[in-house]
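S.K.: Based on what follows, work out the 3D shape:
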Amino acid sequence: MGPQSLTSILQHKLATRDYLEHHKLSVYLEDVLIKLLEDRPEKPMNYLYDYFESVRLGTNILLRDFEYVKATTRNRISFAHLLESILNSKADRHTALELHQLAELICTDFPGEIVERAAEIASYSLGLCIPDLWHHPSMQPDKQTVQLPIPEFIKVFRTYFSFLEFFEMCEEILRDTLSTFHQNNLMAGRQHVNSDDVFTVEDISILEDIYVDYLKRRLCRLEGFSVLVLPHELAVDIVHRAFQTERAARVPSYSSASIIYFQLTREIVDSHTVQALMERAVPIAALTHR
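M.R.: Predicted coordinates:
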């Protein structure tokens, strides 16, 4: 076999792998083969048809473990759609605890922190409170008394879960931004900013520059994975709007950090482009739960 033939074979293998990864087909192919060999049905073709029909309708995630539920964007949006159908049959408003308990009816090991964070973003968007991002004693709202309307929570939850890695990256970058800001102050001989100190407008501007620098570098890394990611230009624009919110300046730094993060998440959820990215990935109309 000549070098050209070997190169062609390798390129074909890479193209095949990229195709399967792009559409997340390997997740479903591996899963259905495992289930097929475990159940050994008499009519395997019917079994395969039923499995992929459940994937198409979005019912495949029912009573599956969290690792499977989060494995693809389709699974995540299907989960949010199924959760919405359950919530619509219940009361009009729910606390974060109640929402998590209902999510566990679909996936018994679904992490409470995902539901809780989505509930916090919804609470901020509705103006009910400014949630505490990193558990400062003076910013602890009673999470069991804040009741959220279903439509607002579902919109936030669907977006947060679909873009989970991006949201987590944004929070991680904010931590690193604050750390870098403090280190730069110390190196310049300025006083360390404590959590109770107040950020000035100039401080917020410096923080934004640091944040955007981190964001641009890490977006490139995240794009190597098959997860939903905001386009660079949109991400930078949303960050700018979040840092420019008037409430972020002249308040204690722990409060400012929470405001910036939750304003950022609110901007993402409210973005028509973000909603369009999810609809393009999995059209909601295609998910018809039985």
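S.K.: any idea where the strands of the chain begin and end?
M.R.: Per DSSP state E, the chain carries strands over the ranges 93-94, 148-149.
S.K.: could you point out where the stretch 101-250 of the chain is predicted with low confidence?
M.R.: Applying pLDDT under 70 to the stretch 101-250 of the chain flags residues 134-144, 188-197, 222-227, 248-250.
S.K.: That one: helices as residue ranges?
M.R.: Using DSSP state H, counting those that start in this stretch, the helices of the stretch 101-250 of the chain run over residues 112-125, 150-162, 164-187, 201-222, 232-243.
S.K.: what's the closest of those helices to S256?
M.R.: helix 201-222 (7.3 Å; C-beta to C-beta). All C-beta atoms are positioned from the backbone trio N, CA, C, and that covers glycine.
S.K.: Taking helix 164-187 as reference, get the angle to that closest one.
M.R.: Counting by axes from the mean of the first three to the mean of the last three C-alpha atoms, to 10 degrees, helix 201-222 points 130 degrees away from the direction of helix 164-187.
S.K.: Check which helices and strands helix 201-222 sits against.
M.R.: helix 164-187, helix 232-243, helix 253-270 (3 or more C-beta pairs under 8 Å, 6 or more residues apart in numbering; DSSP states H and E).
S.K.: List the buried residues in that helix.
M.R.: By 16 or more other C-beta atoms under 10 Å, the buried positions in helix 201-222 come out as D203, I204, I206, L207, E208, I210, Y211, V212, Y214, L215, R218, L219.
S.K.: Please apply the same query to stretch 161-178.
M.R.: Result for stretch 161-178 [16+ other C-beta under 10 Å]: buried residues 161-164, 166-167, 169-171, 173-174, 177-178.
S.K.: Closest to A285 out of these?
M.R.: Closest to A285, out of all of the buried residues of stretch 161-178 and judged by C-beta to C-beta, is S162, at 16.5 Å.
S.K.: my read: that closest one touches S78, true?
M.R.: No - the pair S162 / S78 is not scored as a contact, 10.6 Å apart, by C-beta atoms under 8 Å.
S.K.: joint contacts of these two?
M.R.: Overlap of the contact sets of S162 and S78 (by C-beta atoms under 8 Å, 6 or more residues apart in numbering) is empty.
S.K.: Which residues does stretch 209-226 contact?
M.R.: Under C-beta under 8 Å, 6+ apart, the answer for stretch 209-226 is 21-22, 24, 165-166, 169-170, 173-174, 176-177, 180-181, 229-230, 232, 235-236, 239-240, 243.
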